[in-house]
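Enquirer: need the 3D shape of this:
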Amino acid sequence: MKILLLGKNGQVGWELQRSLAPLGDVTALDFDSTGPWRADFSDPEALAPMIRALAPDVIVNSAAHTAVDKAESEPELARCINAGAPGVIAREAKALGALLVHYSTDYVFDGSGNAPRDEDAPTGPLSVYGRTKLEGEQLIRASGCQHLILRTSWVYGARGGNFARTMLKLAAERDLLKVIDDQIGAPTGADLLADVTAHALRRVRAEPALAGTYHCVAGGQTSWHGYARLVIERARALGQPVKVAAAAILPIPTSDYPTPAQRPLNSRLATGRLQAAFGLQLPPWQDGVERLLTEVLGR
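Expert: Numbers count the residues shown, from 1 in each chain. Have a look, this model is predicted:
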């Protein structure tokens, strides 16, 4: 099996290089790749000749414009990367008869209510990021290509910056932290996403009827405040320098921390369809975060 991985240097792309390797020959590219080909999503049509030349059986697209606030001030670039490029990739996948794996987000929903959204729930994005990611989904479906769209949320990885690293840094410097507690979701590791991807795409190749859109997040739910408390208390238990006391990690509402892009308050995603279709069990979010901390802190 020939696999083309796009966005290889992102958090998910980095883990996909590992998880996809046993499945076939992987060509992994990014916007700054050297050699005959690079995956520059700011020029979507330039992706077409590359895809035709490489003629993969599977295309895994982990590239995206994920700077949620920045997208508000550069909507055309966000649309180009999150919608235009996936549209071109889907068109070429259809022509080749290739499977396209693509990642989307809870930001396609409006974040109302308290119940987890399933895959058929009405969409209603609140931000440029959410709108462009939804348009990307729609273009993929409209292309008629065989596809696997995995919606996820609150993604983190051991490589690069993440919420846990930020909290560890602030906890070592400050006596008081204020963290949002009215946005609810499931912190989801890039490694978990990559492993689910490898399992699911292999099954879809064997059973094409399994193609479609699925939600993929870790089990359980928390707020950013709950996430921060777990990270900081785990670091304290491991003997890391923590200045802030547990009682000084204060919950605040989203309204106290305005940002250019509006965030959904309810990022809960129902994963029953994914687990039933592929025979998977998604572990609690705490397991992945504690594994991340063990890796980051070297304990």
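Enquirer: how about D120, phi and psi?
Expert: Per-residue torsions, D120: phi -100, psi 0 (degrees, to the nearest 10).
Enquirer: what pLDDT does the model give it?
Expert: Predicted confidence (pLDDT) at D120: the value is 96.
Enquirer: strands of the stretch 1-150 of the chain, start to end?
Expert: Counting by DSSP state E, counting those that start in this stretch, the stretch 1-150 of the chain has strands at residues 2-6, 25-29, 58-61, 99-105, 146-152.
Enquirer: nearest to P75, out of those?
Expert: Closest to P75 of the strands of the stretch 1-150 of the chain, according to CB to CB: strand 99-105, at 16.2 Å. Bear in mind the C-beta positions are built from the backbone N, C-alpha and C, glycine included.
Enquirer: by how many degrees do the closest one and strand 146-152 diverge?
Expert: 20 degrees (axes from the mean of the first three to the mean of the last three CA atoms, to 10 degrees).
Enquirer: starting from strand 99-105, tell me which strands it pairs with and how they run.
Expert: Strand 99-105 has the following strand partners under DSSP bridges: strand 58-61 (parallel), strand 146-152 (parallel).
Enquirer: circling back to that earlier point, got the strands of the stretch 1-150 of the chain as a markdown table, with distance to L16, mean neighbour count and mean pLDDT columns?
Expert: Listed next are the strands of the stretch 1-150 of the chain as a markdown table, based on distance: least, CB to CB, whole Å; neighbours: other CB atoms under 10 Å; pLDDT from 0 to 100:
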| stretch | distance to L16 | mean neighbour count | mean pLDDT |
| --- | --- | --- | --- |
| strand 2-6 | 6 | 23 | 97 |
| strand 25-29 | 8 | 19 | 94 |
| strand 58-61 | 6 | 26 | 98 |
| strand 99-105 | 9 | 25 | 98 |
| strand 146-152 | 12 | 23 | 98 |
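Enquirer: any chance of the ones you listed in TSV, with distance to L170 too?
Expert: Formatted as TSV, these follow (distance: least, CB to CB, whole Å):
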stretch	distance to L170
strand 2-6	34
strand 25-29	34
strand 58-61	33
strand 99-105	25
strand 146-152	25
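Enquirer: ok, back up a step: among the strands paired with strand 99-105, which is nearest K8?
Expert: For the strands paired with strand 99-105, proximity to K8 was assessed by CB to CB; strand 58-61 is nearest, at 9.6 Å.
Enquirer: show me what the closest one is in contact with.
Expert: Outside of strand 58-61, the residues within contact range by CB atoms under 8 Å, 6 or more residues apart in numbering are 1-7, 16, 20, 24, 51, 85-86, 89, 92-93, 98-103, 197, 201, 205.
Enquirer: repeat that for 7 Å
Expert: Strand 58-61 is contacted from outside by 1, 3-7, 16, 20, 51, 86, 89, 93, 98-102, 197, 201, using CB atoms under 7 Å, 6 or more residues apart in numbering.
Enquirer: the helices in the stretch 1-150 of the chain, which residues?
Expert: Ranges of helices within the stretch 1-150 of the chain are 11-20, 47-54, 68-71, 75-79, 85-96, 128-143, based on DSSP state H, counting those that start in this stretch.
Enquirer: export the ones you listed as a markdown table, with columns for mean neighbour count and distance to R38.
Expert: Formatted as a markdown table, the helices of the stretch 1-150 of the chain follow (neighbours: other CB atoms under 10 Å; distance: least, CB to CB, whole Å):
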| stretch | mean neighbour count | distance to R38 |
| --- | --- | --- |
| helix 11-20 | 22 | 14 |
| helix 47-54 | 16 | 8 |
| helix 68-71 | 18 | 22 |
| helix 75-79 | 17 | 17 |
| helix 85-96 | 23 | 13 |
| helix 128-143 | 22 | 20 |
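Enquirer: with that, I have no additional questions.
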